[in-house]
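A.B. asks: requesting a structural model of the entry that follows:
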Amino acid sequence: MEDKQGTTVFGSALIWFGAAVSIAEILTGSLIAPLGFTKGAAAIVIGHIIGCIPLYLAGRIGAETGKSAMETVKISFGQKGSVFFSVLNVTQLVGWTAVMIIGGGRAVAVIAEKYTGTYNSSLWCVVIGLLIIVWIKIGIKNLGKINAFTMAALFSLTVLLSLIIFRGDTATAAAGSMSFGSAVELSAAMPLSWLPLISDYTHNSSNPRKASLVSVLVYFAGSTWMYMIGLGASIFTGESDIARIMLSAGLGVAAVFIIVISTVTTTFLDVYSAGVSFSSITDRVSSTNTALIACIAGTALAVFTPIEQYENFLFLIGSVFAPMVSILITDFFILKNDHFSESLNISNFIIWIAGFVIYRWFMAMETVFGSTLPVMAVVMILAAAAGKTRKLISGKLKQEGE
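C.D. replies: From the prediction side, this is the model:
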């Protein structure tokens, strides 16, 4: 079925498969290798279930209201509250763009060095940035056939990579240490990073519920697969550098294709949503121009400001947006509240601050299911209690007024 932008449900599936197939996903999976394959795989699946449930609910809110991701935030936080989160979202999307581009650029540079004798990550960062600009210019409305071709190619090459990797002995844990709870949290962090974006792609579908479900299921399958590749590759090759893993697997030019195209298709979603998010703040700049600016800024950061420790960046995103979406889910599905016309809902904003602090506190603790699940549960309980209390007080005041 066509949505208002001409994207079919199948097209939505391709978009989210492209989001899942990325170097970042494989790299994050490789970090879990100290647990060994069996425990690591269990942590990956559990973490993705935890992360994808709120991802689906967030997508459903956008689908049912017809609002983009940052527009739905107004339901819980009001107009000014949405501006606050939109600014944070645009900022993190530019940072995420830089992280993705520099990861892809470095990986391709390692492979290219084998054939050219020259390591030049900045050049490949610029190449990736230019390709993302091409994707922006084509526009999400017209990417159907290109996505179908690139996703088919990526699917084939990642199947080949999987077959090569999993022929080896994956029974031994890699060097290093990691708790099961930390591995679950790392696995949940990636789908959580898409929380402030998903409604940008589900809000105008002619079959919104189906588009939301298909998008999240495809992302769940693809992301879990990428994590498994990273986990197995790190254990099998003893190497966490994705480029060297691919070289060890015997992939040359194919590895360059995988890295470049997967980075482009994933990062395109970041810059596209940066444009949509900025549009919720002001309509003076078109979303396309904002996406171009975000891409250029992210590329410049990748070239001139090397970004390390990106897993900490993932956790920061989770601590900001998981409590936000918890409040939104509570208001929309449980309390049936709508603060869209308000300037700022102070009560929900205070609960969000509490959720942010609780999330950071939980990160220092060791729980079997990581930080996200317990924190979201606590925030939802607080939001529900506060919402019901407000209704009771409002009801009593009405009675007294009468």
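A.B. asks: ok, residues contacting stretch 381-389?
C.D. replies: S326, I327, T330, D331, I334, L335, N337, S347, N348, I351, A354, G355 (Cβ atoms under 8 Å, 6 or more residues apart in numbering). The way it works is simple: take the backbone N, C-alpha and C, and place the C-beta from them, glycine included.
A.B. asks: mind redoing it with 10 Å?
C.D. replies: Outside stretch 381-389, the residues that touch it by Cβ atoms under 10 Å, 6 or more residues apart in numbering are 76, 323, 326-331, 334-337, 347-348, 350-352, 354-355, 358.
A.B. asks: are any of these buried, and if so which?
C.D. replies: The neighbour count (16 or more other Cβ atoms under 10 Å) marks 76, 323, 326-331, 335, 337, 347-348, 351-352, 355, 358 as buried among the contacts of stretch 381-389.
A.B. asks: from those residues, which is closest to N120?
C.D. replies: P323 (41.4 Å; Cβ to Cβ).
A.B. asks: quick one: contacts for G232?
C.D. replies: Applying Cβ under 10 Å, 6+ apart, we find G232 in contact with 29-30, 33, 37, 40-41, 161-162, 165-168, 170, 245.
A.B. asks: buried ones from those residues, can you make that a PyMOL selection?
C.D. replies: In PyMOL, a selection of the buried entries from the contacts of G232 looks like this (16+ other Cβ under 10 Å):
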select buried, resi 29+30+33+37+40+41+161+162+165+170+245
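A.B. asks: now tell me which of the contacts of G232 the prediction trusts least.
C.D. replies: Checking pLDDT across those, the minimum falls on T170 at 53.
A.B. asks: returning to that earlier point: dump the contacts of G232 into JSON lines; add secondary structure as well.
C.D. replies: Below are the contacts of G232 laid out as JSON lines (DSSP: H, G, I helix; E, B strand; the rest coil):
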{"residue": "G29", "secondary structure": "helix"}
{"residue": "S30", "secondary structure": "helix"}
{"residue": "A33", "secondary structure": "helix"}
{"residue": "F37", "secondary structure": "helix"}
{"residue": "G40", "secondary structure": "helix"}
{"residue": "A41", "secondary structure": "helix"}
{"residue": "L161", "secondary structure": "helix"}
{"residue": "S162", "secondary structure": "helix"}
{"residue": "I165", "secondary structure": "helix"}
{"residue": "F166", "secondary structure": "coil"}
{"residue": "R167", "secondary structure": "coil"}
{"residue": "G168", "secondary structure": "coil"}
{"residue": "T170", "secondary structure": "coil"}
{"residue": "I245", "secondary structure": "helix"}
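A.B. asks: and of the contacts of G232, the nearest to G318?
C.D. replies: G29 (17.2 Å).
A.B. asks: so what's that closest one closest to, chain neighbours aside?
C.D. replies: Using Cβ to Cβ, 6 or more residues apart in numbering and skipping residues adjacent in sequence, the residue nearest G29 is G230, 2.7 Å away.
A.B. asks: and the helix or strand harbouring that neighbour, what's buried?
C.D. replies: If you go by DSSP states H and E, G230 is part of helix 208-237. Residues of helix 208-237 classed as buried under the neighbour-count rule (16+ other Cβ under 10 Å) are 208, 211-216, 218-220, 222-237.
A.B. asks: what's the local residue count around the closest residue to F369 other than its chain neighbours?
C.D. replies: The spatial neighbour of F369 that comes closest, neighbours along the chain excluded (Cβ to Cβ, 6+ apart), is V184 at 5.7 Å. V184 is flanked by 28 other residues according to other Cβ atoms under 10 Å.
A.B. asks: residue contacts, V184?
C.D. replies: With contact taken as Cβ under 10 Å, 6+ apart, V184 is in contact with 32, 42-51, 367-373.
A.B. asks: which residues of the protein score low on pLDDT?
C.D. replies: The model of the chain has pLDDT under 70 over residues 1-7, 141-144, 168-176, 239-240, 249, 306-311, 314, 398, 400-402.
A.B. asks: on that earlier part again, dump the contacts of G232 into TSV; add distance to T116 as well.
C.D. replies: Putting the contacts of G232 into TSV (distance: Cβ to Cβ, whole Å) gives the following:
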residue	distance to T116
G29	29
S30	26
A33	30
F37	35
G40	35
A41	37
L161	23
S162	28
I165	26
F166	31
R167	30
G168	29
T170	33
I245	20
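A.B. asks: name the nearest of the contacts of G232 relative to A63.
C.D. replies: After measuring the contacts of G232 against A63 - Cβ to Cβ - the closest member comes out as G29, at 29.3 Å.
A.B. asks: against D241, how distant is the residue nearest to G29?
C.D. replies: Taking Cβ to Cβ, to the nearest Å as the criterion, G230 is separated from D241 by 11 Å.
A.B. asks: try K67
C.D. replies: Relative to D241, and taking Cβ to Cβ, K67 is found at 41 Å.
A.B. asks: would you map the helices across the stretch 301-402 of the chain?
C.D. replies: 310-329, 346-363, 372-401 (DSSP state H, counting those that start in this stretch).
A.B. asks: out of those helices, which is closest to N204?
C.D. replies: helix 310-329 (18.7 Å).
A.B. asks: which strands and helices lie in contact with the closest one?
C.D. replies: The criterion is 3 or more Cβ pairs under 10 Å, 6 or more residues apart in numbering; DSSP states H and E, and the helices and strands that helix 310-329 contacts are helix 23-31, helix 37-65, helix 69-116, helix 180-192, helix 346-363, helix 372-401.
A.B. asks: report the buried residues of that helix.
C.D. replies: In helix 310-329, counting by 16+ other Cβ under 10 Å, buried: 310-311, 313-329.
A.B. asks: quick one: that helix to helix 180-192, angle?
C.D. replies: For helix 310-329 against helix 180-192, the angle between stretch directions is 70 degrees (axes from the mean of the first three to the mean of the last three Cα atoms, to 10 degrees).
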